[in-house]
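Enquirer: Provide a 3D model corresponding to the input given below.
(chains A and B)
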Protein chains: 2
Amino acid sequence: MAKSAKWLTPSEESAWRKYIVASRRLAEALDEDLSAHGLSLSDYEILVHLSDAKDRSLRMSDLADKTILSRSRLSHRIKYMEGKGWVERQKCDSDKRGTWAVMTTKGWNAIVKAAPDHVTSIRNRFIDQISKADQANIATAFEKVEKTLRNEKPAT
Amino acid sequence: MAKSAKWLTPSEESAWRKYIVASRRLAEALDEDLSAHGLSLSDYEILVHLSDAKDRSLRMSDLADKTILSRSRLSHRIKYMEGKGWVERQKCDSDKRGTWAVMTTKGWNAIVKAAPDHVTSIRNRFIDQISKADQANIATAFEKVEKTLRNEKPAT
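Expert: As a prediction, the model looks like this:
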(Lines give C-alpha, C1' and ligand atoms only; values in the text may rest on other atoms or scores of the structure.)
Protein backbone atom coordinates (compact mmCIF):
# COMPACT_ATOMS: atom_id res chain seq x y z
CA MET A 1 0.00 0.00 0.00
CA ALA A 2 1.51 3.33 -1.07
CA LYS A 3 2.20 5.71 1.79
CA SER A 4 3.04 8.63 -0.43
CA ALA A 5 1.81 9.41 -3.92
CA LYS A 6 2.75 11.34 -7.00
CA TRP A 7 0.00 13.96 -6.70
CA LEU A 8 -1.83 15.22 -9.77
CA THR A 9 -0.59 18.39 -11.44
CA PRO A 10 -3.19 21.16 -11.93
CA SER A 11 -3.81 20.14 -15.56
CA GLU A 12 -4.12 16.45 -14.63
CA GLU A 13 -6.46 17.35 -11.77
CA SER A 14 -8.56 19.42 -14.17
CA ALA A 15 -8.85 16.54 -16.68
CA TRP A 16 -9.83 14.12 -13.91
CA ARG A 17 -12.35 16.42 -12.18
CA LYS A 18 -14.02 17.50 -15.42
CA TYR A 19 -14.26 13.93 -16.63
CA ILE A 20 -15.62 12.46 -13.37
CA VAL A 21 -18.23 15.18 -12.78
CA ALA A 22 -19.48 15.14 -16.40
CA SER A 23 -19.51 11.37 -16.54
CA ARG A 24 -21.73 11.13 -13.45
CA ARG A 25 -24.07 13.85 -14.59
CA LEU A 26 -24.30 12.23 -18.04
CA ALA A 27 -25.14 8.79 -16.59
CA GLU A 28 -27.78 10.37 -14.40
CA ALA A 29 -29.34 12.30 -17.31
CA LEU A 30 -29.41 9.26 -19.61
CA ASP A 31 -31.00 7.20 -16.82
CA GLU A 32 -33.63 9.86 -16.35
CA ASP A 33 -34.36 10.07 -20.10
CA LEU A 34 -34.69 6.27 -20.32
CA SER A 35 -36.99 6.10 -17.30
CA ALA A 36 -39.84 7.18 -19.63
CA HIS A 37 -39.44 3.69 -21.14
CA GLY A 38 -39.20 1.92 -17.77
CA LEU A 39 -35.47 1.34 -18.34
CA SER A 40 -32.24 2.34 -16.66
CA LEU A 41 -29.01 2.79 -18.64
CA SER A 42 -27.83 -0.61 -17.32
CA ASP A 43 -31.11 -2.23 -18.42
CA TYR A 44 -30.68 -0.77 -21.88
CA GLU A 45 -27.13 -2.16 -22.10
CA ILE A 46 -28.35 -5.61 -21.00
CA LEU A 47 -30.96 -5.58 -23.78
CA VAL A 48 -28.37 -4.38 -26.35
CA HIS A 49 -26.05 -7.28 -25.53
CA LEU A 50 -28.89 -9.81 -25.62
CA SER A 51 -30.20 -8.49 -28.93
CA ASP A 52 -26.69 -8.79 -30.44
CA ALA A 53 -26.20 -12.36 -29.18
CA LYS A 54 -26.95 -15.65 -30.99
CA ASP A 55 -30.58 -16.64 -30.29
CA ARG A 56 -30.78 -13.44 -28.20
CA SER A 57 -29.37 -15.51 -25.33
CA LEU A 58 -26.35 -15.14 -23.07
CA ARG A 59 -25.03 -17.04 -20.09
CA MET A 60 -25.54 -14.84 -16.98
CA SER A 61 -21.79 -14.81 -16.27
CA ASP A 62 -21.03 -13.59 -19.82
CA LEU A 63 -23.76 -10.97 -19.57
CA ALA A 64 -22.30 -9.71 -16.26
CA ASP A 65 -18.91 -9.49 -17.94
CA LYS A 66 -20.18 -7.63 -21.00
CA THR A 67 -22.27 -5.14 -19.03
CA ILE A 68 -19.63 -4.72 -16.27
CA LEU A 69 -22.29 -5.33 -13.63
CA SER A 70 -21.78 -7.35 -10.47
CA ARG A 71 -23.59 -10.70 -10.42
CA SER A 72 -25.96 -9.48 -7.72
CA ARG A 73 -26.77 -6.23 -9.53
CA LEU A 74 -27.35 -8.14 -12.79
CA SER A 75 -29.64 -10.68 -11.05
CA HIS A 76 -31.62 -7.80 -9.61
CA ARG A 77 -32.10 -6.14 -13.01
CA ILE A 78 -32.92 -9.45 -14.76
CA LYS A 79 -35.57 -10.14 -12.14
CA TYR A 80 -37.08 -6.73 -12.89
CA MET A 81 -37.02 -7.44 -16.63
CA GLU A 82 -38.57 -10.87 -16.11
CA GLY A 83 -41.42 -9.08 -14.36
CA LYS A 84 -41.82 -6.89 -17.44
CA GLY A 85 -41.84 -9.99 -19.68
CA TRP A 86 -38.71 -8.82 -21.55
CA VAL A 87 -36.34 -11.59 -20.49
CA GLU A 88 -36.60 -15.21 -19.34
CA ARG A 89 -34.09 -17.14 -17.28
CA GLN A 90 -33.40 -20.67 -18.52
CA LYS A 91 -31.30 -23.56 -17.28
CA CYS A 92 -29.67 -25.39 -20.16
CA ASP A 93 -29.50 -29.20 -19.69
CA SER A 94 -26.38 -29.63 -21.82
CA ASP A 95 -24.52 -26.77 -20.08
CA LYS A 96 -23.66 -27.13 -16.43
CA ARG A 97 -22.19 -23.64 -16.29
CA GLY A 98 -25.28 -21.97 -15.03
CA THR A 99 -28.27 -19.99 -16.10
CA TRP A 100 -28.95 -18.22 -19.39
CA ALA A 101 -30.83 -14.97 -19.96
CA VAL A 102 -33.04 -15.09 -23.06
CA MET A 103 -34.63 -11.99 -24.56
CA THR A 104 -38.32 -12.36 -25.47
CA THR A 105 -40.10 -10.75 -28.43
CA LYS A 106 -41.57 -8.33 -25.91
CA GLY A 107 -38.02 -7.42 -24.82
CA TRP A 108 -37.00 -6.90 -28.43
CA ASN A 109 -40.00 -4.61 -28.94
CA ALA A 110 -39.07 -2.67 -25.77
CA ILE A 111 -35.58 -1.85 -26.99
CA VAL A 112 -36.77 -1.04 -30.52
CA LYS A 113 -39.23 1.40 -28.98
CA ALA A 114 -36.68 3.01 -26.63
CA ALA A 115 -33.80 3.20 -29.12
CA PRO A 116 -34.74 6.39 -31.02
CA ASP A 117 -35.18 8.41 -27.81
CA HIS A 118 -32.01 6.97 -26.31
CA VAL A 119 -29.93 7.79 -29.40
CA THR A 120 -31.39 11.30 -29.37
CA SER A 121 -30.33 11.65 -25.71
CA ILE A 122 -26.78 10.44 -26.45
CA ARG A 123 -26.56 12.81 -29.40
CA ASN A 124 -27.94 15.87 -27.58
CA ARG A 125 -26.11 15.33 -24.32
CA PHE A 126 -22.76 13.99 -25.53
CA ILE A 127 -21.96 13.59 -29.24
CA ASP A 128 -23.23 16.97 -30.46
CA GLN A 129 -21.49 18.75 -27.55
CA ILE A 130 -18.03 17.73 -28.71
CA SER A 131 -16.13 18.26 -31.95
CA LYS A 132 -15.36 15.53 -34.47
CA ALA A 133 -11.70 15.77 -33.42
CA ASP A 134 -12.65 15.37 -29.75
CA GLN A 135 -14.76 12.32 -30.61
CA ALA A 136 -11.75 10.69 -32.23
CA ASN A 137 -9.48 11.67 -29.31
CA ILE A 138 -11.98 10.32 -26.79
CA ALA A 139 -12.31 7.03 -28.68
CA THR A 140 -8.51 6.57 -28.68
CA ALA A 141 -7.96 7.69 -25.08
CA PHE A 142 -10.76 5.64 -23.53
CA GLU A 143 -9.84 2.58 -25.56
CA LYS A 144 -6.38 2.72 -23.97
CA VAL A 145 -7.87 3.20 -20.49
CA GLU A 146 -10.24 0.28 -20.97
CA LYS A 147 -7.62 -2.04 -22.42
CA THR A 148 -5.32 -1.48 -19.43
CA LEU A 149 -8.17 -1.99 -16.97
CA ARG A 150 -9.06 -5.24 -18.70
CA ASN A 151 -5.50 -6.55 -18.58
CA GLU A 152 -4.07 -5.18 -15.33
CA LYS A 153 -4.24 -6.21 -11.73
CA PRO A 154 -5.50 -3.62 -9.19
CA ALA A 155 -3.12 -0.68 -8.85
CA THR A 156 -2.71 -0.62 -5.06
CA MET B 1 -41.27 11.91 -27.73
CA ALA B 2 -39.14 11.37 -30.83
CA LYS B 3 -40.38 8.53 -33.04
CA SER B 4 -37.38 8.58 -35.33
CA ALA B 5 -33.81 9.56 -34.58
CA LYS B 6 -30.66 10.72 -36.25
CA TRP B 7 -28.66 7.53 -35.67
CA LEU B 8 -25.00 7.65 -34.73
CA THR B 9 -22.41 7.38 -37.49
CA PRO B 10 -19.76 4.65 -37.07
CA SER B 11 -17.21 7.12 -35.67
CA GLU B 12 -19.77 8.64 -33.27
CA GLU B 13 -20.83 5.15 -32.18
CA SER B 14 -17.19 4.26 -31.59
CA ALA B 15 -16.61 7.35 -29.41
CA TRP B 16 -19.75 6.63 -27.39
CA ARG B 17 -19.13 2.89 -26.92
CA LYS B 18 -15.47 3.32 -25.99
CA TYR B 19 -16.30 6.08 -23.54
CA ILE B 20 -19.21 4.29 -21.85
CA VAL B 21 -17.44 0.93 -21.47
CA ALA B 22 -14.20 2.47 -20.16
CA SER B 23 -16.04 4.83 -17.85
CA ARG B 24 -17.92 1.93 -16.19
CA ARG B 25 -14.85 -0.23 -15.88
CA LEU B 26 -12.90 2.72 -14.43
CA ALA B 27 -15.57 3.49 -11.82
CA GLU B 28 -15.65 -0.17 -10.84
CA ALA B 29 -11.85 -0.38 -10.54
CA LEU B 30 -11.60 2.81 -8.45
CA ASP B 31 -14.38 1.53 -6.18
CA GLU B 32 -12.52 -1.71 -5.74
CA ASP B 33 -9.22 0.05 -4.97
CA LEU B 34 -10.92 2.30 -2.40
CA SER B 35 -12.67 -0.62 -0.70
CA ALA B 36 -9.36 -1.32 1.09
CA HIS B 37 -10.11 1.91 3.00
CA GLY B 38 -13.79 1.04 3.60
CA LEU B 39 -14.82 3.68 1.04
CA SER B 40 -16.65 3.73 -2.27
CA LEU B 41 -15.87 6.32 -4.94
CA SER B 42 -19.06 8.19 -3.92
CA ASP B 43 -17.99 8.14 -0.26
CA TYR B 44 -14.64 9.59 -1.22
CA GLU B 45 -16.30 12.39 -3.17
CA ILE B 46 -18.59 13.17 -0.23
CA LEU B 47 -15.55 13.49 2.05
CA VAL B 48 -13.72 15.66 -0.53
CA HIS B 49 -16.62 18.12 -0.69
CA LEU B 50 -16.96 18.24 3.11
CA SER B 51 -13.24 18.77 3.60
CA ASP B 52 -13.32 21.68 1.11
CA ALA B 53 -16.34 23.34 2.79
CA LYS B 54 -16.37 26.02 5.49
CA ASP B 55 -16.30 24.31 8.91
CA ARG B 56 -16.21 21.01 6.97
CA SER B 57 -20.02 21.25 6.88
CA LEU B 58 -22.59 21.22 4.09
CA ARG B 59 -26.35 21.24 3.94
CA MET B 60 -27.50 17.76 2.79
CA SER B 61 -29.24 19.26 -0.27
CA ASP B 62 -26.03 21.06 -1.33
CA LEU B 63 -23.99 17.93 -0.75
CA ALA B 64 -26.41 15.91 -2.95
CA ASP B 65 -26.04 18.54 -5.64
CA LYS B 66 -22.25 18.63 -5.50
CA THR B 67 -21.83 14.85 -5.50
CA ILE B 68 -24.63 14.29 -8.07
CA LEU B 69 -26.19 11.68 -5.79
CA SER B 70 -29.91 11.24 -5.22
CA ARG B 71 -31.14 12.29 -1.78
CA SER B 72 -31.89 8.68 -0.84
CA ARG B 73 -28.50 7.41 -2.01
CA LEU B 74 -26.74 10.24 -0.14
CA SER B 75 -28.71 9.54 3.07
CA HIS B 76 -27.73 5.90 2.81
CA ARG B 77 -24.01 6.73 2.44
CA ILE B 78 -24.09 9.36 5.22
CA LYS B 79 -25.69 6.80 7.54
CA TYR B 80 -22.84 4.41 6.75
CA MET B 81 -20.27 7.16 7.43
CA GLU B 82 -21.99 8.11 10.69
CA GLY B 83 -21.53 4.48 11.73
CA LYS B 84 -17.82 4.82 10.98
CA GLY B 85 -17.67 8.05 13.02
CA TRP B 86 -16.56 10.09 9.99
CA VAL B 87 -19.60 12.35 9.69
CA GLU B 88 -22.31 13.71 11.97
CA ARG B 89 -25.74 14.92 10.99
CA GLN B 90 -26.82 18.17 12.65
CA LYS B 91 -29.97 20.27 12.65
CA CYS B 92 -29.19 23.97 12.64
CA ASP B 93 -31.58 26.08 14.76
CA SER B 94 -31.11 29.23 12.71
CA ASP B 95 -31.59 27.43 9.41
CA LYS B 96 -34.93 25.85 8.68
CA ARG B 97 -33.71 24.42 5.38
CA GLY B 98 -32.85 21.05 6.75
CA THR B 99 -30.02 18.94 8.00
CA TRP B 100 -26.28 19.52 7.72
CA ALA B 101 -23.54 16.93 7.30
CA VAL B 102 -20.44 17.73 9.37
CA MET B 103 -17.12 15.95 8.89
CA THR B 104 -15.42 14.81 12.11
CA THR B 105 -11.69 14.70 12.78
CA LYS B 106 -11.94 10.94 12.32
CA GLY B 107 -13.47 11.58 8.86
CA TRP B 108 -10.66 13.98 8.02
CA ASN B 109 -8.12 11.34 9.05
CA ALA B 110 -9.89 8.73 6.91
CA ILE B 111 -9.61 10.80 3.73
CA VAL B 112 -6.01 11.83 4.47
CA LYS B 113 -5.18 8.14 4.84
CA ALA B 114 -7.01 7.07 1.66
CA ALA B 115 -5.85 9.96 -0.56
CA PRO B 116 -2.38 8.70 -1.57
CA ASP B 117 -3.71 5.30 -2.70
CA HIS B 118 -6.66 6.91 -4.47
CA VAL B 119 -4.46 9.35 -6.37
CA THR B 120 -2.17 6.47 -7.32
CA SER B 121 -5.22 4.59 -8.67
CA ILE B 122 -6.40 7.59 -10.70
CA ARG B 123 -2.89 8.07 -12.06
CA ASN B 124 -2.30 4.41 -12.96
CA ARG B 125 -5.73 3.71 -14.35
CA PHE B 126 -6.53 6.99 -16.11
CA ILE B 127 -4.06 9.89 -16.19
CA ASP B 128 -0.92 7.94 -17.13
CA GLN B 129 -2.83 6.00 -19.82
CA ILE B 130 -3.55 9.12 -21.86
CA SER B 131 -1.30 11.72 -23.43
CA LYS B 132 -0.97 15.32 -22.18
CA ALA B 133 -2.83 16.44 -25.31
CA ASP B 134 -5.65 13.95 -24.61
CA GLN B 135 -5.88 15.23 -21.04
CA ALA B 136 -6.41 18.77 -22.31
CA ASN B 137 -8.93 17.59 -24.93
CA ILE B 138 -10.84 15.58 -22.35
CA ALA B 139 -10.96 18.53 -19.96
CA THR B 140 -12.40 20.78 -22.68
CA ALA B 141 -14.84 18.24 -24.09
CA PHE B 142 -16.25 17.08 -20.75
CA GLU B 143 -16.52 20.62 -19.48
CA LYS B 144 -18.82 21.38 -22.43
CA VAL B 145 -20.84 18.22 -21.82
CA GLU B 146 -21.23 19.04 -18.13
CA LYS B 147 -22.13 22.68 -18.71
CA THR B 148 -24.92 21.74 -21.10
CA LEU B 149 -26.24 19.07 -18.73
CA ARG B 150 -26.29 21.60 -15.90
CA ASN B 151 -28.18 24.18 -17.95
CA GLU B 152 -30.50 22.13 -20.17
CA LYS B 153 -33.83 20.49 -19.67
CA PRO B 154 -34.07 16.75 -20.43
CA ALA B 155 -33.62 16.05 -24.14
CA THR B 156 -36.73 13.96 -24.78
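Enquirer: which regions of chain A lie under the pLDDT threshold?
Expert: A:1-3, A:95-97, A:153-156 (pLDDT under 70).
Enquirer: Which parts of it are helices?
Expert: A:10-34, A:41-52, A:60-67, A:71-84, A:105-125, A:132-151 (DSSP state H).
Enquirer: Quick one: work out the angle between the second one and helix A:105-125.
Expert: Between the axis of helix A:41-52 and that of helix A:105-125 there is an angle of 120 degrees, by axes from the mean of the first three to the mean of the last three C-alpha atoms, to 10 degrees.
Enquirer: Show residues contacting helix A:41-52.
Expert: Helix A:41-52 has contacts (C-beta atoms under 8 Å, 6 or more residues apart in numbering or on different chains) with A:27, A:30-31, A:34, A:39, A:56-58, A:63, A:66-67, A:69, A:73-74, A:77-78, A:80-81, A:86-87, A:101-103, A:107-108, A:110-111, A:114, A:118, B:20. (Each C-beta comes from the backbone N, C-alpha and C, glycine too.)
Enquirer: Give me the buried positions along that helix.
Expert: Residues of helix A:41-52 classed as buried: A:L41, A:S42, A:D43, A:Y44, A:E45, A:I46, A:L47, A:V48, A:H49, A:L50 (neighbour count, 16 or more other C-beta atoms under 10 Å in any protein chain shown).
Enquirer: what's near enough to touch A:L69?
Expert: Taking C-beta under 8 Å, 6+ apart as the criterion, A:L69 is in contact with A:S42, A:I46, A:R77.
Enquirer: go on, A:W108?
Expert: A:S51, A:R56.
Enquirer: Could you report the distance from it to A:S70?
Expert: Computed with C-beta to C-beta, to the nearest Å, the distance linking A:W108 and A:S70 is 26 Å.
Enquirer: One more: A:G107?
Expert: Going from A:G107 to A:S70 by C-beta to C-beta gives 22 Å.
Enquirer: Skipping its backbone neighbours, what lies nearest A:Q90 in space?
Expert: Leaving aside its chain neighbours, A:Q90 sits nearest to A:W100 (4.9 Å; criterion: C-beta to C-beta, 6 or more residues apart in numbering or on different chains).
Enquirer: my bad, should have said A:A5
Expert: B:P116 (3.7 Å).
Enquirer: So stretch A:134-152, near chain B or not?
Expert: Yes. Using C-beta under 8 Å from any C-beta of the partner chain as the criterion, contacts between stretch A:134-152 and chain B involve A:134-146, A:148-150, A:152.
Enquirer: Only whichever of the residues you listed are buried, select them in ChimeraX.
Expert: Buried subset of these, written as a ChimeraX selection, criterion 16+ other C-beta under 10 Å:
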select /A:134,135,137,138,139,140,141,142,143,144,145,146,148,149
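Enquirer: got the contact list for A:E88?
Expert: A:E82, A:A101, A:V102, A:T104.
Enquirer: ok, and the most crowded of those?
Expert: A:A101 (28 neighbours; other C-beta atoms under 10 Å in any protein chain shown).
Enquirer: do you know how far it is from chain B?
Expert: 19 Å (C-beta to the nearest C-beta, to the nearest Å).
Enquirer: tell me the contacts of A:A136?
Expert: A:A136 neighbours (C-beta under 8 Å, 6+ apart): B:S11, B:A15.
Enquirer: now stretch A:85-104: how far from the chain's centre is it?
Expert: 21 Å (C-alpha atoms, centre = their mean, to the nearest Å).
Enquirer: Span of that stretch from start to end?
Expert: Using C-alpha to C-alpha, to the nearest Å, the end-to-end distance of stretch A:85-104 comes out at 7 Å.
Enquirer: Would you mark the buried spots in that stretch?
Expert: Those would be A:W86, A:V87, A:T99, A:W100, A:A101, A:V102, A:M103, A:T104, for stretch A:85-104 by 16+ other C-beta under 10 Å.
Enquirer: circling back to that earlier point, now flag whichever of the contacts of A:E88 is closest to chain B.
Expert: Closest to chain B out of those is A:A101 (18.7 Å), distances taken as C-beta to the nearest C-beta.
Enquirer: ok, the closest one touching A:V87?
Expert: Yes. Counting by C-beta atoms under 8 Å, A:A101 does reach A:V87; the two are 5.4 Å apart.
Enquirer: intersection of neighbour lists for the two?
Expert: Residues touching both A:A101 and A:V87 (C-beta under 8 Å, 6+ apart): A:I46, A:L50, A:I78.
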